[in-house]
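*Asks:* one predicted model, sequence on top.
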Amino acid sequence: MSKYILITASSRGLGFELAKKLSYSGYNIILTSRSKQNLKKAKKQLNNNLKHKIIKIDFTKDNIVKKLLNKISNFNIVSIIHNFGINCQDDKHPIDIDILQKIIYNNFIVSVKINNYFYNKLNGDPSKIIYIGSTASLHAKASPSYTLSKSLINTYVKNISQEYIKYNILICAILPGILAHKGSIWDKKSKKEPQKYNITKTKQPLKRFLIPKDISSYIVDIINQKSLALTGSIVKLDANDY
């Protein structure tokens, strides 16, 4: 039976890089995005010997069960990578409660709804649920609601990890530093705020921003290994020492 991996927000950036590498590792990929055009373009670059599926969905607005889960209920899904998340330029102190609720819903609750649906239905050997979090959840120097939402992921992963082991599922969070790729927030800052962009870049441990390829191989290795040893782990990938 064909093995599928669900990757949210996977038409570009890290999500797409993961989809591409995992497709050439033999997995069928379920890609999601708000843009049907971007999904079609991404699918064409995956391993064309397999049967990938694209689903146009806007997690900020659409009904997750109706638009996503019902469509993939009959697929043999072995792993999930939660890459979807948002930020907001008006996210600042004092915290706006509406913005806080919006960001927590999109950065955390959306993924929990998906996890709850697949609670004991994943069929991997073992299965993996991998969060793409943020180092902001550790250093807390980013915007407040965003930082809080990413911190929730860390606590959730630690709290539920031993429960998921009962179903042969590893759950962990990978925390990259600042990722810069075409269309990313920092790619846009390079044009709108070049001075801030350059100052921030020089402060990075590698003297540059991370790119999806810096992170993707590590995650692909986790998907391919037959071990539960990493479950409950919060793994920081940014070459920093805090």
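*Replies:* That came through fine.

*Asks:* residue ranges in this structure under the pLDDT threshold?
*Replies:* Scanning the chain for pLDDT under 70 picks out 241-242.

*Asks:* touching the lengthiest strand in the chain from outside, list them.
*Replies:* As assigned by DSSP state E, the longest strand anywhere in the chain is strand 169-176. Strand 169-176 is contacted from outside by 14, 122, 124, 126-135, 137-138, 153-154, 157, 160-161, 164, 210, 214-215, 218-219, 222, 227-228, 230-238, using C-beta atoms under 8 Å, 6 or more residues apart in numbering. Quick note: C-beta positions are derived from backbone N, CA and C, even for glycine.

*Asks:* tell me, how many residues neighbour Ser151?
*Replies:* Ser151: 17 surrounding residues under other C-beta atoms under 10 Å.

*Asks:* how about the nearest residue to it once chain neighbours are set aside, what does it touch?
*Replies:* Using C-beta to C-beta, 6 or more residues apart in numbering and skipping residues adjacent in sequence, the residue nearest Ser151 is Ser137, 4.4 Å away. Counting by C-beta under 8 Å, 6+ apart, Ser137 makes contact with Thr147, Lys150, Ser151, Ile153, Asn154, Leu175.

*Asks:* ok, Trp186 next?
*Replies:* Ile178, Leu179, Ala180, Tyr197, Thr200, Phe209.

*Asks:* for it, which three-state class applies?
*Replies:* The local conformation at Trp186, judged by DSSP: H, G, I helix; E, B strand; the rest coil, is helix.

*Asks:* not counting sequence-adjacent ones, nearest residue to it?
*Replies:* Spatial nearest neighbour of Trp186, chain neighbours left out: Ala180 (4.3 Å); criterion: C-beta to C-beta, 6+ apart.

*Asks:* now, which of the contacts of Trp186 sits nearest Asp58?
*Replies:* Of all those, Leu179 has the smallest distance to Asp58: 21.5 Å, by C-beta to C-beta.

*Asks:* beta partners for that closest one?
*Replies:* Leu210 (DSSP bridges).

*Asks:* what about it, how many residues close to it?
*Replies:* Taking other C-beta under 10 Å as the criterion, the count of residues near Leu179 is 20.

*Asks:* ok, Lys150 next?
*Replies:* If you count neighbours by other C-beta under 10 Å, Lys150 ends up with 26.

*Asks:* my guess is it contacts Ala136, does it?
*Replies:* Yes: here Lys150 reaches Ala136: they are 5.5 Å apart, a contact under C-beta atoms under 8 Å.

*Asks:* so what's the residue nearest to Leu50 when sequence neighbours are not counted up against?
*Replies:* Nearest non-adjacent residue to Leu50, counting by C-beta to C-beta, 6+ apart: Asn28, 4.9 Å away. Going by C-beta under 8 Å, 6+ apart, Asn28 touches Ser2, Lys3, Tyr4, Ile5, Leu50, Lys51, His52, Lys53, Phe75.
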